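In: Okay, sequence plus prediction incoming.
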Amino acid sequence: MKKKLFSLVLASVLCLSLLTGCQLGSRTSSVPEEEGAVTAYAVDYEAMGEEYLTRDFWPDPQYFLKDYNLGANSEKEIEIQYFPDATAMNQQLSTELLSGGGPDLFVFQEVDLPNFYNYANQGIFADLDPYFEKSGYNKSQFQEVVFDYGVVNGTRSFIPLEYGVPMCVTTQNLAEKYGLDKIGEELNYQNYYELLSAIKDIQPEIHWFNELDSFFYRIISAFIDEENKRGQFTSSLFQKSIEEYKEMANSQGGEKAMAIRWETEYIEALVNEELLFHNDPMMSDRQLSYRIGKYWAGQEGKDNPLLLYPVKEYNGEDYYAYVGKMIAINDNSNRKNKAWEVIEKAISTSYQNNIMGGSNPIIGNPVNLEAQDRNKKDWMNSGGAFGKTGKEQLINRYYELLNSVTKCDCLMYNSMYVQEVFDPLYVEYENGTKTLDEFVKELQNKTGLYLKEQN
């Protein structure tokens, strides 16, 4: 939460009053510039065991940091401090940043650092443009919509390293049987229920989608009014949307009914007509090529080709890219040049060219356009016997959609808000302890309080 001005002043006074000097987080002001190892914080997801293995988001910053250290000599290794969970990490960060400390480098996802955009607004992240320009890069080398998501108040505060796009996969047979081609071209996070409800009457057993959470998350984002610091949850449109989501989740056998499948089994579910669309809100070329690899290597892939469709935003017009890992430098850092070396490697063509890299921590689509082009060529040249024309059509279609994004955001509006405000109230509505009217009124009030408290 944003700290009050009084707290900032008090911290400054206390620092000045100490005869021994004020310690700044894990460093002191006496540390010479650029000496010592670059420091970073990370949640130790690996220590969570089974919980770590069942997470529904991409490999975490811990994985990136460890991978970087594997390729660095001892003088360049990042000094990583681990935390048992995101709450503990963010509590320490808020304390240290208040006194001018904190780690040199931030590598994060929204779920790890939900206040990252506030940090950018407050100037906690250093301006990266001088380092970017000195390195010889220019914006045209990167996916502009995604890359500029890191520009806050005219300052390049952080750099997205990867992104996904909301996409659906189906088969030609399913498309012909249920009219999915027309549905796929019109599909968005608001109209899905209207488009697919007729199919439920024809074939009630078939699942519409394997992943449902994104429909929930994007409803939330659509009804948050950031400018006026309030929700719009008492509107009839929100009430209709949340009722439709609840009905879909219940009729589909629960939110996780199809989510338990192994990645390649989603295509089998399409072939077996258990599933209409294999959807992923953060699809990447690396993931898709893996999931469909076995299918298109056989005759079935030739006889019953796969079709791809975008899932557009709630307004039915915009096609969003959703960011994965992001990276920033602490403006308090005495090691900014060293920290930039980490970023420079992370956005390089060789590091971002990841489609054939089994251990590469960049799982999403590369922001580096040359790396993206290399991914496409590697994919085209990879194995698969169902015919060059069909393969080229699918791959070309994928990159056509990938480069048609109009805006960029995080998939989830704010994980802290969802966890603290939205989810508890929705669960009460879902299990019947709150009526819809009670749910939306309390949600409206608590959302307004939460948003005002954050600013």
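Out: Received it, and whenever you're ready, just let me know what you need. Predicted model, so just to flag it, every value in this text is computed and none were measured.

In: Next, count neighbours for residue 337.
Out: Residue 337 has 14 neighbours, counted by other Cβ atoms under 10 Å. Heads up, the C-betas are built off the backbone N, CA and C, glycines and all.

In: er, residue 165 actually
Out: Counted with other Cβ under 10 Å, residues neighbouring residue 165 total 25.

In: Residue 286 too?
Out: Look at residue 286: counted by other Cβ under 10 Å, it has 23 neighbours.

In: Just list the residues touching it, thanks.
Out: 354, 355, 357, 363, 364, 365, 375 (Cβ atoms under 8 Å, 6 or more residues apart in numbering).

In: I'd say the last one and residue 349 touch.
Out: The reference is to residue 375. No. Judged on Cβ atoms under 8 Å, residue 375 makes no contact with residue 349 at a distance of 10.5 Å.

In: So the two - more neighbours on which side?
Out: A count of neighbours by other Cβ under 10 Å puts residue 375 above the other of residue 375 and residue 349, at 26 against 15.

In: where does the more buried one fall, helix, sheet strand or coil?
Out: Three-state secondary structure (criterion: DSSP: H, G, I helix; E, B strand; the rest coil) places residue 375 in helix.

In: What sits closest to it if chain neighbours are left out?
Out: Beyond its immediate neighbours in the sequence, the residue positioned closest to residue 375 (Cβ to Cβ, 6 or more residues apart in numbering) is residue 355, lying 4.1 Å away.

In: re earlier: would a markdown table of the contacts of residue 286 with secondary structure and distance to residue 220 be doable?
Out: Listed next are the contacts of residue 286 as a markdown table, based on DSSP: H, G, I helix; E, B strand; the rest coil; distance: Cβ to Cβ, whole Å:
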| residue | secondary structure | distance to residue 220 |
| --- | --- | --- |
| 354 | coil | 30 |
| 355 | coil | 32 |
| 357 | coil | 34 |
| 363 | coil | 24 |
| 364 | coil | 22 |
| 365 | strand | 24 |
| 375 | helix | 32 |
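
In: that older thread, look up how far residue 398 lies from the residue nearest to residue 375.
Out: Applying Cβ to Cβ, to the nearest Å, the value for residue 355 to residue 398 is 11 Å.

In: Give me the common contacts of those two.
Out: By Cβ under 8 Å, 6+ apart, residue 355 and residue 398 have these common neighbours: residue 285.

In: Residue 89 - that's part of a strand, no?
Out: No. Checked against three-state DSSP, residue 89 lies outside a strand; its state is helix.

In: ok, it - contacts?
Out: Residue 89 makes contact with 41, 42, 43, 83, 112, according to Cβ under 8 Å, 6+ apart.

In: So which of those residues is the closest to residue 251?
Out: Nearest to residue 251 out of the contacts of residue 89 is residue 112 (Cβ to Cβ; 33.6 Å).

In: The nearest residue to that closest one once chain neighbours are set aside: what's it in contact with?
Out: Excluding its sequence neighbours, the residue lying closest to residue 112 (Cβ to Cβ, 6+ apart) is residue 86, at 5.1 Å. Counting by Cβ under 8 Å, 6+ apart, residue 86 makes contact with 43, 111, 112, 113, 114.

In: quick one: the first one and residue 83 touch, right?
Out: In other words, residue 43. Yes. Contact criterion Cβ under 8 Å: residue 43 and residue 83 qualify, at 5.5 Å.

In: Run through the stretch 251-400 of the chain and note the low-pLDDT ranges.
Out: Scanning the stretch 251-400 of the chain for pLDDT under 70 picks out 253-263, 297-301, 357-358, 383-389.

In: for the stretch 1-150 of the chain, what spans make up the strands?
Out: Along the stretch 1-150 of the chain, counting by DSSP state E, counting those that start in this stretch, strands occupy 39-43, 79-83, 105-108.

In: right, so those: which one is the most enclosed?
Out: strand 105-108 (a mean of 27; mean count of other Cβ atoms under 10 Å).

In: now for that strand, which elements pack on it?
Out: Under the contact criterion of 3 or more Cβ pairs under 8 Å, 6 or more residues apart in numbering; DSSP states H and E, strand 105-108 touches strand 39-43, helix 61-70, helix 116-121, strand 326-329.

In: To residue 167, which of the ones you listed lies closest?
Out: Nearest to residue 167, of all the helices and strands packed on strand 105-108, is strand 326-329, at 21.3 Å by Cβ to Cβ.

In: re earlier: reformat the contacts of residue 89 as JSON lines; add pLDDT.
Out: Shown next, in JSON lines, are these (pLDDT from 0 to 100):
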{"residue": "41", "pLDDT": "97"}
{"residue": "42", "pLDDT": "95"}
{"residue": "43", "pLDDT": "92"}
{"residue": "83", "pLDDT": "95"}
{"residue": "112", "pLDDT": "91"}
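
In: that older thread, considering the helices and strands packed on strand 105-108, which stretch scores lowest in mean pLDDT?
Out: Among the helices and strands packed on strand 105-108, helix 61-70 carries the lowest mean pLDDT, at a mean of 91.

In: And it, how far out from the chain middle?
Out: Put simply, helix 61-70 sits 18 Å off its chain's centre (Cα atoms, centre = their mean, to the nearest Å).

In: ok, now stretch 63-75?
Out: Here stretch 63-75 is found 23 Å from its chain centre; the criterion is Cα atoms, centre = their mean.

In: Residues contacting that stretch from elsewhere in the structure, which ones?
Out: Applying Cβ under 8 Å, 6+ apart, the external contacts of stretch 63-75 come out as 40, 42, 77-78, 80, 107, 161, 325, 342, 345-346, 359-362.

In: can we see that at 6 Å?
Out: Residues outside stretch 63-75 that contact it (Cβ atoms under 6 Å, 6 or more residues apart in numbering): 40, 42, 77, 78, 80, 107, 361.

In: Rebuild these as TSV, extending it with distance to residue 197.
Out: Shown next, in TSV, are the contacts of stretch 63-75 (distance: Cβ to Cβ, whole Å):
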residue	distance to residue 197
40	48
42	44
77	55
78	51
80	49
107	43
361	40
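
In: Looking at these, which two lie furthest apart in space?
Out: Maximum pairwise distance among the contacts of stretch 63-75 (Cβ to Cβ): 15.8 Å, between 77 and 361.

In: nearest to residue 184, of the helices and strands packed on strand 105-108?
Out: strand 326-329 (30.5 Å).

In: Mind listing the strands the closest one pairs with, and their directions?
Out: According to DSSP bridges, strand 326-329 has the following sheet partners: strand 105-108 (antiparallel), strand 159-160 (antiparallel).

In: immediately after the last one, which helix or strand?
Out: It stands for strand 159-160. strand 162-171 (DSSP states H and E).

In: Check the model's average confidence along the helix or strand that comes right after that next one for me.
Out: Downstream of strand 162-171, the next assigned helix or strand under DSSP H and E is helix 172-178. Helix 172-178 carries an average pLDDT of 96.

In: Using CSV, list the CA coordinates for helix 172-178.
Out: Presented in CSV, the C-alpha positions along helix 172-178 are these (Å, rounded to 0.1, in the frame of the first residue of the first chain):
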residue,chain,number,x,y,z
GLN,A,172,-11.9,-28.4,-38.7
ASN,A,173,-14.4,-31.2,-38.0
LEU,A,174,-15.6,-29.5,-34.9
ALA,A,175,-15.9,-26.2,-36.7
GLU,A,176,-18.0,-27.7,-39.4
LYS,A,177,-20.2,-29.6,-37.0
TYR,A,178,-21.0,-26.8,-34.6
